[in-house]
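Student: mind folding the following:
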Amino acid sequence: MNRAIKLGLVGAAALACAATAGLAQQGPVFNVTPQSAGGPVAAPAATPPDTSPAIPATPAATPGAPCHQTRVADLELTTEPSGQVAIPVSIDDRTYMLAVDTGTIHTVITSRVADELQLERDLSAQVYVMAGGIPIYQVAYSHSFKVGTMTTGRVGLLVTSPNSLNYDTDGLFGPDAMNNYDVEIDYAHGRFNLYSQDHCPGQVVYWTRGAYAQVPMHVDEDWHISVPLTMDGKPLNAFIDTGAARSFMTLGTVRELYGLTPDSPGMEKRTNVSINGTRPTTIYRYPFGVLNIEGIAVQHPDIEIMPDSALGKDAPPLVIGANVLRQLHLYIAYKEQMLYATPAEAK
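Tutor: Model (predicted):
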């Protein structure tokens, strides 16, 4: 049976974007009802550029106030059979499950959802191409969009075929909706939290008194995030993709860094693996020893090795997907440009 691997929408990991002008980059900025979240916050959040369907952000803390975190959303995190995680959102007062996807650009719904809600549709002014060459060229407009207690009005959502997602969700919750907040993904306990970005730098890991990684992350113009790490002693810049079920590298990268080829001892060949439901390809696996993020170690990371042509010439050296990330507890501070991580069960 072919097994599908979801790579995400455009950008460093997987896609191309034929840009003209169109669907705005700055996504939903919600009206929020702050929740107390005990733990370490200060300095007003930056005002996002007025370039897309907006949803107003969390008010800034009073200058000189005690340092604390303000949680604005607390949602159940559901693990899909494929390994991706999803959250419930309300679109026009109906609940749908969207996969949490830091590797996409825009929030996406399937054509089935757009049909059910009878949403107004239009051609997007940009054509987005998913891994495997699947184009996305339609945008649908909802009347309301709600995440927890956070709400907004009319929002443009990209529309794709249900078959292109390869897992049982209704779409993707992208960084256009997350980048105005800090994002906590607690895989072990099934929670997804959003926080105000108005906090004291470096004081966000409230769930443990033990060691944690604090890693500078690069946030590109599409809100994709990448961090430095090592794998078997080799330094790599890894793309963090919560929407990818698997983690992967290209043959070119493993050849350059580790001297591995398809015929090297330990390389396991697998055939008939499809990417987003497209033509099957051949992938490989190799028994890597340890992936290390600032002292937080993942033993024997399961990394799939793909032909360079499957990911495109701009593919990052390493994409870390849900099969590795779920061994961690993550806190993504977009404004601070810092990734915090502990082992998933850290207390």
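Student: ok, the closest residue in space to Arg270 that isn't next to it in sequence - how many residues close by?
Tutor: Nearest non-adjacent residue to Arg270, counting by C-beta to C-beta, 6 or more residues apart in numbering: Ile283, 5.3 Å away. All C-beta atoms are positioned from the backbone trio N, CA, C, and that covers glycine. For Ile283, the neighbour count with other C-beta atoms under 10 Å is 22.
Student: just checking, Ile283 touches Asn272?
Tutor: No: with contacts counted by C-beta atoms under 8 Å, Ile283 stays clear of Asn272, the gap being 9.7 Å.
Student: buried set for the helix or strand hosting the residue nearest to Arg270?
Tutor: Element membership for Ile283, per DSSP states H and E: strand 281-285. Buried positions in strand 281-285, judged by neighbour count with 16 or more other C-beta atoms under 10 Å: 281, 283-284.
Student: pull the residues that contact it.
Tutor: 248, 251, 262, 267-271, 273-275, 302-307, 310 (C-beta atoms under 8 Å, 6 or more residues apart in numbering).
Student: which other helices and strands does the longest strand anywhere in the chain contact?
Tutor: When the chain is parsed with DSSP state E, its longest strand is strand 120-130. Here strand 120-130 touches strand 16-18, strand 134-142, strand 155-160, going by 3 or more C-beta pairs under 8 Å, 6 or more residues apart in numbering; DSSP states H and E.
Student: so which of those is nearest Gly243?
Tutor: Gly243 lies closest, by C-beta to C-beta, to one member of those: strand 155-160, at 12.6 Å.
Student: okay, now the sheet partners of the closest one, with direction.
Tutor: strand 108-110 (parallel), strand 134-142 (antiparallel) (DSSP bridges).
Student: pull the distance from the helix or strand following that strand to the chain's centre.
Tutor: Moving toward the C-terminus from strand 155-160, the next helix or strand (DSSP H and E) is strand 171-173. In terms of C-alpha atoms, centre = their mean, to the nearest Å, the centre of strand 171-173 is found 10 Å from the chain centre.
Student: strand 171-173: what's the following helix or strand?
Tutor: Following strand 171-173 toward the C-terminus (DSSP H and E): helix 175-178.
Student: could you give the average pLDDT over that following helix?
Tutor: Averaged across helix 175-178, the pLDDT comes to 94.
Student: C-alpha coordinates for it, PDB please?
Tutor: C-alpha atoms of helix 175-178 as PDB (Å, rounded to 0.1, in the frame of the first residue of the first chain):
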ATOM      1  CA  PRO A 175       1.300  30.200  10.900                       C
ATOM      2  CA  ASP A 176      -0.700  33.100   9.400                       C
ATOM      3  CA  ALA A 177      -3.100  32.400  12.400                       C
ATOM      4  CA  MET A 178      -0.400  31.600  14.900                       C
END
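Student: if anything else comes up later, I'll come back, but that's it for now.
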